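**Q** this is the structure alone, sequence omitted:
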């Protein structure tokens, strides 16, 4: 699996490509839209993963969790020493055991002291993901104005499933829904039914929910 840094570099490289001229064929615009959609999807996935890590490691009960991990560390070291003693007849004196656990405690305290710096580093990753996702979404909207939006208005009323089929299933339904929300907010589309809230869900879960309700999510043009 590539590292988060490599993923961010991949996203940034794709986002920084030049946007097409007005004379680009619609098929080419859809191809570029698909590339930006992949960038947006990946940035959103990374954002949720980093947010979950921040909540897990630095949430309200994070100090208790860190202490529990230290306790687990003591147990693991003790079990490892017992295993070595049985297998290799390794015998340590009481002072050696004490020194070992003191070193482990010093290591833990140093990690705990660096907790703030680690939290800031993770927050920087979250901010970077948000920026990359926003840039990708903005470029998606620009491309959709010359491809997706005119097609949706021309075929209105159209359900989300019909739109996905029209695009040969090459786009995630959550991406299409996100793009069309911009037209809805601008008053150029009306959403007849939205039985679920997908904006706060992880991308995979949002897509599953939309697939289940795609027939009932219908977009009507006001143009």
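**A** That came through, no problem. This structure is a prediction, so every number in the text was calculated from the model and none was measured.
**Q** quick one: the strands in the protein?
**A** Chain-ordered strands for the chain, with DSSP state E as the definition, fall at 158-159, 189-191, 218-221.
**Q** could you dump those to CSV with mean neighbour count?
**A** For every residue, glycine as well, the C-beta is placed using N, CA and C. What follows is these, written out as CSV (neighbours: other C-beta atoms under 10 Å):
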stretch, mean neighbour count
strand 158-159, 19
strand 189-191, 17
strand 218-221, 18
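**Q** which one of those lies closest to residue 144?
**A** Set against residue 144 and scored by C-beta to C-beta, the strands of the chain come closest in strand 189-191, at 11.8 Å.
**Q** contacts for the closest one, please.
**A** Contact with strand 189-191 is made by 152, 153, 156, 180, 183, 184, 217, 218, 219, 220, 221, 222, as judged by C-beta atoms under 8 Å, 6 or more residues apart in numbering.
**Q** just stretch 163-175 next, same as before
**A** For stretch 163-175, the surrounding residues in contact (C-beta under 8 Å, 6+ apart) are 30, 33-34, 37, 40-41, 140, 151-152, 155, 158, 160, 176, 198, 203, 206-207, 210-211, 214, 219.
**Q** centre-most residue in this structure?
**A** What sits nearest the mean C-alpha location of the chain, by C-alpha atoms, centre = their mean, is residue 45, with 1.7 Å.
**Q** nearest residue to that residue in space, please, no chain neighbours.
**A** If the residues on either side of it in the chain are set aside, residue 45 comes closest to residue 203, at 5.4 Å by C-beta to C-beta, 6 or more residues apart in numbering.
**Q** same question, residue 85
**A** Of all residues not flanking residue 85 in the chain, residue 91 sits nearest, at 6.6 Å (C-beta to C-beta, 6+ apart).
**Q** likewise for residue 183?
**A** For residue 183, the spatially nearest residue (C-beta to C-beta, 6+ apart) is residue 189, at 4.1 Å.
**Q** against residue 68, how distant is the one you found?
**A** Computed with C-beta to C-beta, to the nearest Å, the distance linking residue 189 and residue 68 is 50 Å.
**Q** just residue 60 next, same as before
**A** 15 Å.
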